[in-house]
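Asker: From the sequence below, what's the structure:
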Amino acid sequence: MAPTEASVAPEATATGAKQQQHTGKAAAALAAHDASGRLEPLTITRRSTGDDDVAINILYCGICHSDLHSIKNEWRDAMYPIVPGHEIAGVVTEVGKNVTKFKPGDRVGVGCMANSCQSCASCDEGFENHCQSIIFTYNSVDRDGTVTYGGYSTSVVVHERFIVQFPDTMPLDRGAPLLCAGITVYTPMKYHGLNSPGKHVGVVGLGGLGHVAVKFAKAFGMKVTVISSSPAKKEEAMERLGADAFIFSKNAER
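Answerer: This next block holds a predicted model:
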């Protein structure tokens, strides 16, 4: 199927507004055009690399259930076409003149945030996710009026503040899920002191986040109890992931 063009004319959003269009380099992408959630090839354009920006050649992108919610408009805020994906891993191809943390060839990642006001109390404290002007990696309006497109594409341009560098020893395909599922559990564990040997943590549910939570907790040296409504997950929790105990949450005797 030949890719369609995203830069021919503005697209109507869920609220009836009009999208401004990017003016930089073209990129191949997969996009949903309506609430069916069906992904189809689409040619998009990325913004030119600004003074504080980093251009990335995307090699891998994880799949998050939030992507499904978004492309099916289950949160009622879809701005079609939507290019989902916020677990982006790739290699830097170009940096702006003010960029100091990254250089071409670096292995980097981008999570669910692409920008913020960078001046409010939340941003100053490193909690950009609480910023009232947060700009998400996709389905969000950027400062220049363009709608952001995510990692189901071949390239992306992001402000350097919202990029992380991967260790040389970490495979990019395995590291990509850490940019959403990983940080979602790692941050509160570290913030609340659940990163010390000898402590005991319970993980409710062994889904995507639950798997990563168990791995982090064991890496921190903690005792881990998995609480699940599926008894079939006991073997995986204890033998594969190394949990110390398993509780079947629907067992009335416990």
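Asker: Going by C-alpha atoms from here, please, whenever you check contacts or count neighbours.
Answerer: OK.
Asker: how about low-confidence regions in the stretch 1-150 of the chain?
Answerer: The model of the stretch 1-150 of the chain has pLDDT under 70 over residues 1-23.
Asker: how about 50 then?
Answerer: Within the stretch 1-150 of the chain, the stretches with pLDDT under 50 are 1-18.
Asker: can you give me the strands in it?
Answerer: 4-5, 26-32, 39-45, 53-61, 88-95, 107-110, 113-115, 135-136 (DSSP state E, counting those that start in this stretch).
Asker: Could you dump those into TSV with distance to Lys234 and mean neighbour count added?
Answerer: TSV is the format used below for the strands of the stretch 1-150 of the chain (distance: least, Cα to Cα, whole Å; neighbours: other Cα atoms under 10 Å):
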stretch	distance to Lys234	mean neighbour count
strand 4-5	46	14
strand 26-32	37	21
strand 39-45	35	20
strand 53-61	29	24
strand 88-95	31	24
strand 107-110	33	26
strand 113-115	35	22
strand 135-136	36	22
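Asker: Report the beta-bridge partners for the residue lying closest to Ala89 once chain neighbours are set aside.
Answerer: Closest residue in space to Ala89, ignoring its immediate chain neighbours: Gly109 at 4.4 Å, by Cα to Cα, 6 or more residues apart in numbering. Per DSSP bridges, the residues bridged to Gly109 are Ala89, Val164.
Asker: how near is Gly109 to Tyr152?
Answerer: Computed as Cα to Cα, to the nearest Å, the Gly109 to Tyr152 distance reads 14 Å.
Asker: And the helices in the chain, which stretches?
Answerer: With helices called from DSSP state H, the chain shows them at 65-71, 121-124, 172-175, 181-191, 208-219, 234-235.
Asker: Show me the contact partners of the shortest one.
Answerer: So that's helix 234-235. Phe246 (Cα atoms under 8 Å, 6 or more residues apart in numbering).
Asker: Return the distance of it from the chain's centre.
Answerer: Computed by Cα atoms, centre = their mean, to the nearest Å, the chain-centroid distance of helix 234-235 equals 29 Å.
Asker: Report how many residues lie close to the nearest residue to Gln118 once chain neighbours are set aside.
Answerer: If the residues on either side of it in the chain are set aside, Gln118 comes closest to Asp124, at 7.0 Å by Cα to Cα, 6+ apart. Number of residues near Asp124 (other Cα atoms under 10 Å) recorded here: 12.
Asker: Kindly report the same for Lys101.
Answerer: By the criterion of other Cα under 10 Å, Lys101 has 13 neighbours.
Asker: Identify the residues contacting the residue nearest to it when sequence neighbours are not counted.
Answerer: Leaving aside its sequence neighbours, Lys101 sits nearest to Glu160 (Cα to Cα, 6+ apart; 7.5 Å). Glu160 sits next to Asp52, Asp53, Val54, Val99, Lys101, Phe102 when contact means Cα under 8 Å, 6+ apart.
Asker: Check the gap between Glu160 and Phe248 for me.
Answerer: Distance of Glu160 to Phe248, given as Cα to Cα: 44 Å.
Asker: Then Ala114?
Answerer: According to Cα to Cα, Ala114 stands 39 Å off from Phe248.
Asker: repeat for Thr184
Answerer: 24 Å.
Asker: okay, these two: which has more neighbours?
Answerer: Phe248 (17 against 14).
Asker: I'd say that one and Ala232 touch.
Answerer: No. Using Cα atoms under 8 Å, Phe248 is not in contact with Ala232, being 9.5 Å away.
Asker: Neighbours of Val147, how many?
Answerer: For Val147, using other Cα under 10 Å, the count is 26.
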